[in-house]
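*Asks:* sequence below, structure please.
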Amino acid sequence: MKRLAISSALLLILTGCASTSDLEETRRQLDQVNRQASSRISEVESKLSNERLLAMVGELDALKAEVAKLRGDVEVLNYNLQTTQKRQNDLYNDLDSRLQPLEGHGKQDASQPAAQTAAGDAQTSPDYDKALDLLRARNFPKAIEALNLYIQRNPQAPQAADASYWLGVAHTALRQYDAAIDIHRRFVTQYPSHAMAPEAMRNIAICQRDLGQADQAKNTLKRLIKVYPKSEAAAKAKQQLSKM
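*Replies:* Residues are numbered from 1 along each chain as shown. Here you go, the predicted structure:
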C-alpha cells in the first residue's frame with residue numbers, strides 16, 4: 001500500500017509538471033504570435049501612413065497646379081481687361097475727334113442761313129439737323145434711327161452721303177462693329193472722293209481690330225495709306241500699324 005501511494009504521488013507530480021510545460025509553451029507561442037501580429041500591424045500602419053502621405057502630397061500638388069492655373073487665368077483676364085479698357089478709351093477719344101466738327105454747330109436760328117454739311121457743299125435740312133443733334137448728345141441709338149430715316153426719305157439729298165458716314169460712326173460707338181463695317185464699306189465704294197472716305201476706311205480697320213480680325217485690319221490700313229496717302233487718316237493709320 002505504501003508503494004502504491006508513493007507511485008500515485010509521483011504520477012501526480014509528473015502530470016503536474018507536464019501541464020506546466022505545455023502551458024509555458026503555449027504562452028511562448030502566444031507571445032510569438034502577438035509579436036508577429038504587432039509587427040504586422042506596425043507594417044500595415046506604416047504602409048497606410050505612407051499611402052496617406054503620398055495621397056496628401058498628390059492632393060497638394062494638384063492644388064498648387066490649380067492655383068497656378070487660376071493665377072494665370074487672372075493675369076490673362078487682367079491683360080484682356082486692360083486691353084479692352086485701352087481700346088474703349090481709344091474708341092471714345094477717336095469718336096470725340098470725329099464728332100468735334102459737329103460740336104461748333106448748334107441748332108440754328110430759324111432766321112439764319114442753313115448750316116453746311118460735313119462735306120461743306122450743301123445746306124442741311126431740319127431732319128438731318130435733328131440727327132446731328134442726337135449725335136452731339138451721344139444718343140447713338142436715337143441718332144441711328146434718325147439717320148436711317150433721313151437716308152430712306154432723302155436718298156438723293158446732298159447730305160445723304162454725310163448721313164451714311166455718321167451712321168457708321170454711331171454703330172461703332174455702340175460696338176456694333178459688323179454693321180459699322182458694312183455701312184462704311186458701302187460708303188467708301190459709293191463715295192470714294194468724299195472728304196470722310198479715308199476716315200471711314202480707318203474706322204473699318206478699328207472695327208476689324210476690335211473683332212479680333214488683326215490681319216484684315218492691317219490690310220485695310222495698308223490700303224488706306226495706298227489709296228489716300230496724303231490724308232490725315234493715312235498718317236493715323238501708319239501710327240496704328242506700328243502698334244499692331
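*Asks:* and the helices in this protein?
*Replies:* In the chain, helices defined by DSSP state H lie at 2-103, 126-136, 140-153, 160-173, 177-190, 197-210, 214-227, 232-243, listed in chain order.
*Asks:* same list, these, but as CSV with mean pLDDT please.
*Replies:* Formatted as CSV, the entries for those read as follows, by pLDDT from 0 to 100:
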stretch, mean pLDDT
helix 2-103, 66
helix 126-136, 89
helix 140-153, 95
helix 160-173, 93
helix 177-190, 96
helix 197-210, 94
helix 214-227, 96
helix 232-243, 92
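*Asks:* want to throw the ones you listed into CSV with mean neighbour count?
*Replies:* Where you see a C-beta, it was placed from the backbone N, CA and C, and this is true even at glycine. Written out in CSV, the entries for the helices of the chain read as follows (neighbours: other Cβ atoms under 10 Å):
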stretch, mean neighbour count
helix 2-103, 10
helix 126-136, 20
helix 140-153, 18
helix 160-173, 25
helix 177-190, 18
helix 197-210, 24
helix 214-227, 17
helix 232-243, 14
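*Asks:* CA atoms only: put stretch 143-161 into PDB for me.
*Replies:* What follows is the C-alpha trace of stretch 143-161 in PDB, where atoms were taken according to Å, rounded to 0.1, in the frame of the first residue of the first chain:
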ATOM      1  CA  ALA A 143     -29.200 109.000 -83.800                       C
ATOM      2  CA  ILE A 144     -29.200 105.700 -85.800                       C
ATOM      3  CA  GLU A 145     -32.900 105.800 -86.100                       C
ATOM      4  CA  ALA A 146     -32.900 109.400 -87.300                       C
ATOM      5  CA  LEU A 147     -30.100 108.900 -89.800                       C
ATOM      6  CA  ASN A 148     -31.700 105.800 -91.200                       C
ATOM      7  CA  LEU A 149     -35.000 107.600 -91.600                       C
ATOM      8  CA  TYR A 150     -33.300 110.600 -93.200                       C
ATOM      9  CA  ILE A 151     -31.400 108.400 -95.700                       C
ATOM     10  CA  GLN A 152     -34.600 106.400 -96.600                       C
ATOM     11  CA  ARG A 153     -36.600 109.600 -97.200                       C
ATOM     12  CA  ASN A 154     -33.800 111.500 -98.900                       C
ATOM     13  CA  PRO A 155     -31.600 109.100-100.800                       C
ATOM     14  CA  GLN A 156     -30.500 111.700-103.400                       C
ATOM     15  CA  ALA A 157     -30.100 114.600-101.000                       C
ATOM     16  CA  PRO A 158     -26.600 116.200-100.700                       C
ATOM     17  CA  GLN A 159     -26.500 115.300 -97.000                       C
ATOM     18  CA  ALA A 160     -27.200 111.600 -97.700                       C
ATOM     19  CA  ALA A 161     -23.500 110.800 -98.000                       C
END
